[in-house]
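Engineer: Sequence and predicted model, in that order:
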Amino acid sequence: MAMFYGPNRDTVIGPIEELVDEQRPPIYRNYRYAEFQEEFFRQQGTRRMNQCNVEIQKKSLHNQLTCQIALFSFFHLIVFMETASIIPSKFILPEDKRPHLSQVSTLASIPIIDLIDYSENDDENKDDVPSSLLVEKISQACEEYGFFQIINHGIPEELCNTMMAVTYEFFELPPEERNQFYTTDHTKQVKLFNYYLNVEGQDDKVSMWSQCFSHPWHPRENMTHLLPENPPQYREVFAEYAKEIGALMSKLLCLISKGLGLEKDYLEKRLGKNPSLLVQSNHYPPCPEPELTLGLAIHTDLMTALTVLKQSDGVTGLQVIKDGKWMAVDPIPNAFVINLGDQMQVLSNGRYKSVHHRAVTNKAERRLSMAMFYGPNKDSVIGPIEELLDEQHPPFYRKYHFSEFVQEFHSQEGTRRMVKEVFELKNK
Ligand SMILES: O=C(O)CCC(=O)C(=O)O
Ligand SMILES: [Fe+2]
């Protein structure tokens, strides 16, 4: 365990004047420590930040500043993001990848669907019969937007608020404590990591202005002991939250199955027993230059069928594409954002959309989002649902075991991933 003691960002560093005379002229010029940090980030190659023992010895001809940095780690990246007043070039996107915030539509919105209308009748089996009007609304949202928000979903507001507060507390832990979860090993169950964007024609990857924390959300018994011990309530609150989200996911899968004209338990069965259930919490510190950065790059939720996302109240950041234009998904108090992943697009043979989205940063406030993912069991066979196919509707994808998709996903590491495209048939 290395304990570091470095200068304040504004401290001027250079050869101590008392040690300099005519026989020993200065061999370094003075610099502000912030400038040294900027130079450090500028010199980052394509290495991953998990290489905790990095040595760099490089002479910058430009300013004759020689850096020799040992033991620089992810720890510093976290500290830097949380205290920065200028942003290092490592986070700066090339012009064509920037968010162009003034062009984002704030007037349009994704559908808002009230789940209070869940059931059609009031008898004791009411939960078994979802209202056909609701089924229709959700089906339309899935076809047109691939995204919608739900209100009156039945999950206690206080539990959601506590979950968000405790997750914030996790990201507030001292970096050296949070850092124990940092890894780039994707096989790790519990991980803290950064996303990068590979830019064509550029050696350096651009880092996203966020930190992400991911772990399974079920089965609880298998993983509780792996979750953070700090904040002390994390394990307990998360277990309660996961239980509620699990029940909500079942309802949503039932509504979506009905929307496709299938039995209400079709999708849950098709996705298999022991589905892949992961949570990803994304923490976005305030950013001095929102126009130059992204919190999360444009993506679809590749490995999932369904995502239930909670976002911080009052802080906007999520944006989705609709008709080629970016649209903000402003948070509604006590609502969830629901979106479909690539597995649902394949299952519905392209009828329901997995839509591109991204997260942008802002100067004023930090933001947190918590995405709960529901993906197939690794042995499940995914492909266009047979009942949706006929002569007029030929399959657009070939069938695959989900494990095959996962393998393809990992083999495309470092590229702009096009995974479901590998399984496309010529009919498309
Ligand atoms: O921060 C957000 O709202 C977006 C999160 C997201 O898209 C994801 O975790 O996949
Ligand atoms: Fe996403």
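Structural biologist: That came through fine. All values reported here derive from a predicted model rather than from experimental measurement. Ligands and ions are numbered 1, 2, ... in the order given.

Engineer: Any chance of the backbone angles for the residue found closest to Lys191 once you drop the neighbours it is linked to in the chain?
Structural biologist: Distance criterion CB to CB, 6 or more residues apart in numbering; nearest residue to Lys191, sequence neighbours excluded, is Thr183 at 4.9 Å. Any C-beta I mention is one placed from the backbone N, CA and C, and that applies to glycine too. Backbone torsions of Thr183, given as degrees, to the nearest 10, read phi -160, psi 160.

Engineer: what about Thr183, neighbour count?
Structural biologist: Close neighbours of Thr183, defined as other CB atoms under 10 Å, add up to 15.

Engineer: Lowest mean pLDDT among the helices and strands of this structure, which one is it?
Structural biologist: Ranking every helix and strand in the chain by mean pLDDT, DSSP states H and E puts strand 56-60 at the bottom, with a mean of 28.

Engineer: any idea how far the residue nearest to Lys191 is from Phe193?
Structural biologist: 7 Å (CB to CB, to the nearest Å).

Engineer: One more: Ile382?
Structural biologist: Distance, Ile382 to Phe193, using CB to CB: 26 Å.

Engineer: again with Tyr33
Structural biologist: 27 Å.

Engineer: of those two, who's got more company?
Structural biologist: Neighbours per residue (other CB under 10 Å) separate Tyr33 from Phe193, with Phe193 holding more: 22 against 15.

Engineer: What residues are bridge-paired with the residue in the stretch 1-150 of the chain positioned nearest to ligand 1?
Structural biologist: As assessed by CB to the nearest ligand atom, ligand 1 sits closest to Phe147 within the stretch 1-150 of the chain, at 10.3 Å. Per DSSP bridges, residues listed as beta-bridge partners of Phe147: Asn339.

Engineer: what's it in contact with, if anything?
Structural biologist: 110, 141, 320, 329, 337-340, 355, 357 (CB atoms under 8 Å, 6 or more residues apart in numbering).

Engineer: if we go to 6 Å?
Structural biologist: Taking CB atoms under 6 Å, 6 or more residues apart in numbering, we find Phe147 in contact with 110, 320, 339, 355.

Engineer: in terms of contact, does the second one touch His356 like I think?
Structural biologist: No: counting by CB atoms under 6 Å, Val320 does not reach His356; the two are 7.2 Å apart.

Engineer: Those two: who's more crowded?
Structural biologist: Neighbours were counted for Val320 and for His356 using other CB under 10 Å; Val320 has more, 19 against 14.

Engineer: Whatever helix or strand that one lives in pairs with which strands?
Structural biologist: In the assignment (DSSP states H and E), Val320 maps to strand 318-322. Paired neighbours of strand 318-322 in the sheet (DSSP bridges): strand 325-328 (antiparallel), strand 357-359 (antiparallel).

Engineer: Name the residues that touch the first one?
Structural biologist: When contacts are defined by CB under 6 Å, 6+ apart, strand 325-328 is touched by residues 104-106, 108, 316, 319-320.

Engineer: What is the burial count for the residue of the stretch 51-200 of the chain found nearest ligand 1?
Structural biologist: Scanning the stretch 51-200 of the chain for proximity to ligand 1 using CB to the nearest ligand atom identifies Tyr195 as nearest, at 9.5 Å. By other CB under 10 Å, 18 other residues sit near Tyr195.

Engineer: Surely Leu347 touches Glu387?
Structural biologist: No: contact criterion CB under 6 Å: Leu347 and Glu387 do not qualify, at 10.8 Å.

Engineer: More neighbours: which of these two?
Structural biologist: Using other CB under 10 Å as the criterion, Leu347 and Glu387 rank with Leu347 on top: 26 against 11.

Engineer: tell me, what residue is most central in this protein?
Structural biologist: The centroid of the chain falls nearest to Asn282 when counting by CA atoms, centre = their mean (5.5 Å).

Engineer: Need the three-state assignment for it.
Structural biologist: strand (DSSP: H, G, I helix; E, B strand; the rest coil).

Engineer: And for Ser139?
Structural biologist: In three-state terms, and counting by three-state DSSP, Ser139 is helix.

Engineer: count of residues packed around it?
Structural biologist: Neighbours of Ser139 (other CB under 10 Å): 19.

Engineer: go on, Pro384?
Structural biologist: Pro384, neighbours per other CB under 10 Å, totals 23.

Engineer: That one - nearest residue in space that isn't next to it in sequence?
Structural biologist: For Pro384, ignoring the flanking residues on the chain, the nearest one in space by CB to CB, 6+ apart is Asn349 at 3.7 Å.
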